[in-house]
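Engineer: Fold the following.
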Amino acid sequence: MRAFLLAAGLGTRLRPLTETVPKCLVPIAGRPLLDYWLDLFERHGIDQVLINTHHLPEAVREYVRHCDSPVRITLTFEQQLLGSAGTLAANWDFVEGEAAFFIGYADNLTGVDLSALCDFHSSHDGPLTMGLFEPADPTACGIAELDAAGLVVGFEEKPAQPRSRWANAGLYVARPSLADFLPTQVPADIGHDLLPRLVGHMRAMPVRGYLRDIGTWEAYERAEEDVVFGRLRGG
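Structural biologist: You can find the predicted model right below:
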């Protein structure tokens with residue numbers, strides 16, 4: 001199975017650390033963040049990953065040169081940021097012929113059970129399955145409304161009045177029919193530009209396991225503490 005791991009962001013909220021280290025390589029308990037992703041992919045049968053770069057790309061290339069993971073890594077460089085959905089469209093040939101593939105964000109630390117997400121995806125024929133979690137603050141997330149079968153019947157980014165307790169976890173499994181919904185403009189974002197097009201077509205399920213966006217200093221420090229104390233579990 002193949003995966004897109006979106007890693008081109010600037011990581012502005014983690015400055016000054018990210019002025020010299022790309023966000024996907026920030027150290028957590030002495031290991032680069034990408035190490036945790038590659039370990040997770042290996043456990044769940046993902047053997048090839050495409051990682052997009054923009055900020056400090058040479059550092060990521062150097063990491064890959066010395067990486068001993070069995071997961072095969074393909075790097076792409078974006079001179080101008082394409083946005084998360086734009087990256088999918090620009091590199092669609094990477095998943096040509098794949099029955100299903102994974103999409104995730106490299107600035108999350110997670111031990112989620114990706115195999116369970118893939119199994120649920122196999123149970124329906126929709127273009128995308130979205131992982132869900134219950135956030136402390138739903139107004140800061142993309143919120144999905146579901147019917148009894150897990151069909152997403154509504155989706156809104158950071159709503160002032162959330163209509164559901166379920167938030168987008170930034171973990172997806174997709175199939176080739178997703179291409180019919182990809183935006184044509186660039187840059188294009190998954191949350192703002194792609195997921196609203198998929199309402200009534202995609203399905204979603206709550207994910208099991210650890211998940212933390214490390215986009216702020218507080219979250220980054222919590223993530224490091226969680227790893228040190230063995231809270232990164234699952235998968």
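
Engineer: which SS class is the residue nearest in space to the middle of the chain?
Structural biologist: Among the residues of the chain, the one closest to the centroid is Gly104, at 1.8 Å (C-alpha atoms, centre = their mean). State at Gly104, reduced to three classes by DSSP: H, G, I helix; E, B strand; the rest coil: strand.

Engineer: Kindly report the same for Ala219.
Structural biologist: Three-state assignment for Ala219 (three-state DSSP): helix.

Engineer: ditto for Gly131
Structural biologist: Here Gly131 is recorded as strand under three-state DSSP.

Engineer: isn't it right up against Arg203?
Structural biologist: No - at 10.9 Å, Gly131 and Arg203 do not qualify as touching, with contact defined as C-beta atoms under 8 Å. Where C-beta positions appear, they are placed from N, C-alpha and C, glycine not excepted.

Engineer: Could you check which of the two has the larger neighbour count?
Structural biologist: Gly131 (27 against 23; other C-beta atoms under 10 Å).

Engineer: Bridge partners for the more buried one, pull those for me.
Structural biologist: Applying DSSP bridges to Gly131 yields these beta-bridge partners: Met205.

Engineer: Against Gly200, how distant is it?
Structural biologist: Computed as C-beta to C-beta, to the nearest Å, the Gly131 to Gly200 distance reads 19 Å.

Engineer: Over to Ala136?
Structural biologist: 28 Å.

Engineer: Name the residue in these two with the higher neighbour count.
Structural biologist: Gly200 (12 against 7).

Engineer: Going by neighbour count, which residues in the top strand by length along the chain are buried?
Structural biologist: Longest strand of the chain, by residue count under DSSP state E: strand 167-174. Of all the residues in strand 167-174, those buried under the rule 16 or more other C-beta atoms under 10 Å are 167-174.

Engineer: Check the spatially closest residue to Val186 that is not a sequence neighbour and give its pLDDT.
Structural biologist: Spatial nearest neighbour of Val186, chain neighbours left out: Gly86 (4.5 Å); criterion: C-beta to C-beta, 6 or more residues apart in numbering. Listed pLDDT for Gly86 reads 97.

Engineer: now swap in Glu19 and tell me
Structural biologist: 88.

Engineer: Which stretches in this structure count as strands?
Structural biologist: With DSSP E as the criterion, the chain has strands spanning 2-6, 27-28, 31-32, 48-53, 72-77, 101-105, 108-110, 128-133, 142-146, 152-157, 167-174, 203-206, 211-213.

Engineer: What are the contacting residues of the second one?
Structural biologist: Identification of contacts with strand 27-28 by C-beta atoms under 8 Å, 6 or more residues apart in numbering yields 21, 33, 36, 109, 214, 220, 223-224, 227.
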